[in-house]
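Engineer: Predicted model and sequence follow; I will ask about them next.
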Amino acid sequence: MKRSTWRPVLACLLLLALTAAGPSQAAPQTEVLTLGYNMAESVIPALQPMLRDDERVSAYGNQLIVRAEPERMQEIRALVAELDRKPAQLRISVANSGTTSGSERGFEVNSRFDTGVGDIVVGDGSNQTRIIRRETRGESDGVRRITASEGYPVLIQSGQSVPLTTTTTDAYGRVVQQTQYRNVTQGFYATVRLNGNLATITLSANNDRLNRNNNEVIDVQQTDTVVTGRVGEWITVGGLGDTARSNDGDIGRRLSTRSSDQGSIRLMVERL
């Protein structure tokens, strides 16, 4: 066969080869995947690392808009089905416990002594001897519970708005009083994620209270942490301790005081 006769045959073979290869190189397509339990924004961070360079994904409410080749689309659907599982229902309990104690001990002598030359007066001179012994103790325990879905943040908080008055002097020497309201609250903000029987909790908890001895002072207790523990077990996430001692005395008087303030924050996650 002549060379010129082979040319049409080669062209036909090349056309058949290109036609056969066409289906395996299908163009990317766009598909909308509707999620049943999660918002699309929460799924994308886990889905993004699995995509190829030429694949795209975006969020719209509870829908994922995915662009990929048809064969890859099947794999992406399967991955999304794994990520879009029903979140576990949980109960989060946060316990604040605290104790305050104080003691004051000593003696005080009030007397007047005649030395012949003059009188020596101790105290107010009332001829009294007083033994001082005082003890105080208080507790501030409380447990707050809230139902939550795994992976979603929750907030529970209670308290009151109290007036705090400050006194200042202006440029003319006049006394000026200002009253502002300050929120004194107790509660927590938490997000829980499960891995089998372990729970990882991102927690921000506060336990603010008015000072027992001065209502113009607010005692603040706050904890921000990430902890991991077993489901159904109490986890201690923070503690505070403060102890103060003082001694005071002169002629006819001696006084010793001691105060202690202890507090802790624990939490527990349970499945419902």
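Structural biologist: Great, that's in hand.
Engineer: beta partners of residue 230?
Structural biologist: Taking DSSP bridges as the rule, residue 230 bridges to residue 198.
Engineer: Please, which helix or strand holds residue 192?
Structural biologist: Here residue 192, judged by DSSP states H and E, is contained in strand 175-195.
Engineer: Name every strand pairing with that strand and say which way it goes.
Structural biologist: Here, using DSSP bridges, strand 175-195 pairs with strand 154-169 (antiparallel), strand 198-207 (antiparallel).
Engineer: List the residues that contact residue 63.
Structural biologist: Residue 63 is in contact with 32, 33, 34, 35, 40, counting by Cβ atoms under 8 Å, 6 or more residues apart in numbering. Just so you know, the C-beta spots here come from the backbone N, C-alpha and C atoms, and that holds for glycine as well.
Engineer: can you map out the helices along the stretch 51-200 of the chain?
Structural biologist: For the stretch 51-200 of the chain, the helices defined by DSSP state H, counting those that start in this stretch cover 70-83.
Engineer: so where's it shaky on pLDDT?
Structural biologist: 97-103, 106-132, 134-141 (pLDDT under 70).
Engineer: what about 90?
Structural biologist: 51-62, 64, 68-88, 92-197, 199 (pLDDT under 90).
Engineer: How much space separates residue 52 from residue 72?
Structural biologist: Distance from residue 52 to residue 72, counting by Cβ to Cβ, to the nearest Å: 7 Å.
Engineer: Those two: who's more crowded?
Structural biologist: The neighbour count for residue 52 versus residue 72, taken as other Cβ atoms under 10 Å, is higher for residue 72 (17 against 9).
Engineer: The more buried one - nearest residue in space that isn't next to it in sequence?
Structural biologist: Leaving out its chain neighbours, the residue that sits closest to residue 72 by Cβ to Cβ, 6 or more residues apart in numbering is residue 55, at 6.7 Å.
Engineer: surely that neighbour meets residue 66?
Structural biologist: Yes: using Cβ atoms under 8 Å, residue 55 and residue 66 qualify as a contacting pair, with a distance of 7.4 Å.
Engineer: For those two, indicate the residue with more neighbours.
Structural biologist: Between residue 55 and residue 66, counted using other Cβ under 10 Å, the more crowded position is residue 66 (22 against 17).
Engineer: Would you confirm that the more buried one contacts residue 74?
Structural biologist: No: if you go by Cβ under 8 Å, residue 66 and residue 74 don't touch, sitting 11.3 Å apart.
Engineer: follow-up on the earlier one: and the strand holding residue 192, C-alpha only, in PDB?
Structural biologist: The C-alpha trace of strand 175-195 is given here as PDB (Å, rounded to 0.1, in the frame of the first residue of the first chain):
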ATOM      1  CA  VAL A 175     -16.300  65.800  97.200                       C
ATOM      2  CA  VAL A 176     -17.900  63.900  94.300                       C
ATOM      3  CA  GLN A 177     -19.600  60.500  94.600                       C
ATOM      4  CA  GLN A 178     -20.200  58.300  91.600                       C
ATOM      5  CA  THR A 179     -22.300  55.100  91.600                       C
ATOM      6  CA  GLN A 180     -21.700  52.500  88.900                       C
ATOM      7  CA  TYR A 181     -23.300  49.100  88.600                       C
ATOM      8  CA  ARG A 182     -21.100  46.100  88.300                       C
ATOM      9  CA  ASN A 183     -22.200  42.600  87.300                       C
ATOM     10  CA  VAL A 184     -21.300  40.000  89.900                       C
ATOM     11  CA  THR A 185     -21.800  36.600  88.200                       C
ATOM     12  CA  GLN A 186     -21.100  32.900  88.500                       C
ATOM     13  CA  GLY A 187     -21.100  30.500  85.600                       C
ATOM     14  CA  PHE A 188     -19.200  28.900  82.700                       C
ATOM     15  CA  TYR A 189     -18.700  28.800  79.000                       C
ATOM     16  CA  ALA A 190     -17.700  25.400  77.600                       C
ATOM     17  CA  THR A 191     -17.200  23.300  74.500                       C
ATOM     18  CA  VAL A 192     -16.800  19.500  74.700                       C
ATOM     19  CA  ARG A 193     -15.500  17.100  72.100                       C
ATOM     20  CA  LEU A 194     -15.500  13.300  72.600                       C
ATOM     21  CA  ASN A 195     -12.900  10.700  71.600                       C
END
